[in-house]
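In: Fold the following and give me the result.
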Amino acid sequence: MAKWTDEVNKTAVPTAVPFPRMLTLDEVQEILNLGKPLVYALVKSGELRAAQFGGRGIWRVRQDDLAAYIDAAYQKTAESIASGLLPEGDTPAEDTQ
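Out: Residues are numbered from 1 along each chain as shown. Predicted coordinates:
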C-alpha cells in the first residue's frame, strides 16, 4: 500500500497558471514614454506583440511581451553600438515627440 501512496505523491499536480497582466496601448505609451502613433506603428509592424479582443477590437499587450520588446531594443542598440552602425553624432539626448 505504501508503494501506491508514494507513486501518487510523486505525480505532478497541475497548478493554476496566473493570467499575464494585460496593458492598454495608453499604458504602453506611458511606460515607454512614446507618442501614440509610434506605439500603434510598433504594434502594426509586429515589432511589439499585441492582440485585439472583443467586438470593438480593443488592443492589449501582455506585460511579458512589453518586457521582451524592451530587452530586444536594448540588445539591438548594444549590437549597433558594438558594430559601429550608429551614425556619427547620434548620441542619446532628450527626445521630443
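In: Report the buried residues of the helix or strand where Ala73 lies.
Out: Using DSSP states H and E, Ala73 sits in helix 63-83. Under the neighbour-count criterion of 16 or more other Cβ atoms under 10 Å, helix 63-83 has Asp65, Leu66, Tyr69 buried. Every residue, glycine included, has its C-beta placed from N, CA and C.
In: Over to stretch 41-48?
Out: By 16+ other Cβ under 10 Å, the buried positions in stretch 41-48 come out as Leu42, Val43, Leu48.
In: could the residues you listed go into a markdown table alongside distance to Asp26, pLDDT and secondary structure?
Out: Conversion of the buried residues of stretch 41-48 to a markdown table gives the following (distance: Cβ to Cβ, whole Å; pLDDT from 0 to 100; DSSP: H, G, I helix; E, B strand; the rest coil):
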| residue | distance to Asp26 | pLDDT | secondary structure |
| --- | --- | --- | --- |
| Leu42 | 14 | 97 | helix |
| Val43 | 12 | 97 | helix |
| Leu48 | 14 | 98 | coil |
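In: And the residues you listed, which is closest to Gly57?
Out: Proximity of the buried residues of stretch 41-48 to Gly57 (Cβ to Cβ) peaks at Val43, which lies at 11.8 Å.
In: which ones are touching the closest residue to that closest one other than its chain neighbours?
Out: Spatial nearest neighbour of Val43, excluding adjacent residues (Cβ to Cβ, 6 or more residues apart in numbering): Ala50 at 4.5 Å. For Ala50, the contacting residues are Leu25, Val43, Trp59, Arg60, Val61, Asp65, by Cβ atoms under 8 Å, 6 or more residues apart in numbering.
In: how distant is stretch 26-36 from the center of its chain?
Out: Its chain's C-alpha centre and that of stretch 26-36 lie 13 Å apart, by Cα atoms, centre = their mean, to the nearest Å.
In: all helices in this structure, in order from the N-terminus.
Out: With DSSP state H as the criterion, the chain has helices at 2-10, 25-32, 36-45, 63-83.
In: Just tell me which of those helices ends up closest to Gly54.
Out: Evaluated over the helices of the chain, closeness to Gly54 peaks at helix 25-32, with 14.2 Å, by Cβ to Cβ.
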